[in-house]
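Visitor: One predicted model, sequence on top.
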Amino acid sequence: MKFGWKVLIPVSLFWIMVVATMRVLSLRGASRLTVLLVASVIVLIVLLTNIALDSSRKKRMLVSEYSGDATVSFAVPALPTKTLDGGPRG
């Protein structure tokens, strides 16, 4: 669910906007090269933004790990206290 909400839906909405922009440009008489150039520029801007945000996120993670302030936590299941036969463990 997290992957769908955080990745797939935004990518789908972005792609719809790119296709709509290309369609409007082509209906207004722009050449095919112009339409592809505009779409390429839009995709390039998004990719560069994503790379910049990802690198800053990695830097923050490294700084927090180095300072001992790690914010990543993992769920750890509780250890069983009894054996299968119902007796105490040990």
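Guide: Looks like it arrived, so ask away.

Visitor: and Val41, how far is that from Phe3?
Guide: Distance from Val41 to Phe3, counting by Cβ to Cβ, to the nearest Å: 28 Å. (Each C-beta comes from the backbone N, C-alpha and C, glycine too.)

Visitor: cool, and Gly29?
Guide: 40 Å.

Visitor: Leu47 now?
Guide: 19 Å.

Visitor: low pLDDT regions in the protein?
Guide: Within the chain, the ranges that satisfy pLDDT under 70 run 61-73, 82-90.

Visitor: residue ranges of the helices in it, please?
Guide: In the chain, the segments counted as helices under DSSP state H are 2-3, 9-27, 32-66.

Visitor: In CSV: those helices, plus mean neighbour count.
Guide: Shown next, in CSV, are these (neighbours: other Cβ atoms under 10 Å):
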stretch, mean neighbour count
helix 2-3, 7
helix 9-27, 12
helix 32-66, 11
